[in-house]
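Novice: Kindly generate the corresponding structure for this input.
(one chain, ligands or ions: 1)
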Amino acid sequence: MIFVCKKHVKKGLKMVFLPHIQPISDENKITGNFHCHACAQWADFKLYNFESHRKQAVKKAM
Ligand SMILES: [Zn+2]
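Specialist: So this is what the prediction gives:
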């Protein structure tokens, strides 16, 4: 999971496998102290992947 600002969303998407994107709420921006992975400015988005969830889903299906 990484954090990125608006400018570096595209860059971040290339760094995460099967990326999912979630905006960081204004409240979390203040309390969470998240910084962009690329430029260290305040982050606007969280990027993460569901890979572990997907593996569990496959196990259940089998
Ligand atoms: Zn940035």
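Novice: give me phi/psi at the nearest residue to residue 46 once chain neighbours are set aside?
Specialist: Leaving out its chain neighbours, the residue that sits closest to residue 46 by C-beta to C-beta, 6 or more residues apart in numbering is residue 22, at 4.6 Å. For the C-beta atoms, the positions are set from N, CA and C on the backbone; glycine is no exception. With angles defined as degrees, to the nearest 10, residue 22 sits at phi -140, psi 120.
Novice: ok, residue 22 - contacts?
Specialist: 45, 46, 47, 48 (C-beta atoms under 8 Å, 6 or more residues apart in numbering).
Novice: show me what contacts the second one?
Specialist: It refers to residue 46. Contacts of residue 46 by C-beta under 8 Å, 6+ apart are 1, 2, 3, 21, 22, 23, 24, 34.
Novice: same check, this time on the third one
Specialist: When contacts are counted by C-beta under 8 Å, 6+ apart, residue 47 touches 1-4, 9, 12-13, 15-16, 19-22.
Novice: Show me the beta-bridge partners of it.
Specialist: On the basis of DSSP bridges, residue 47 is bridged to residue 2, residue 21.
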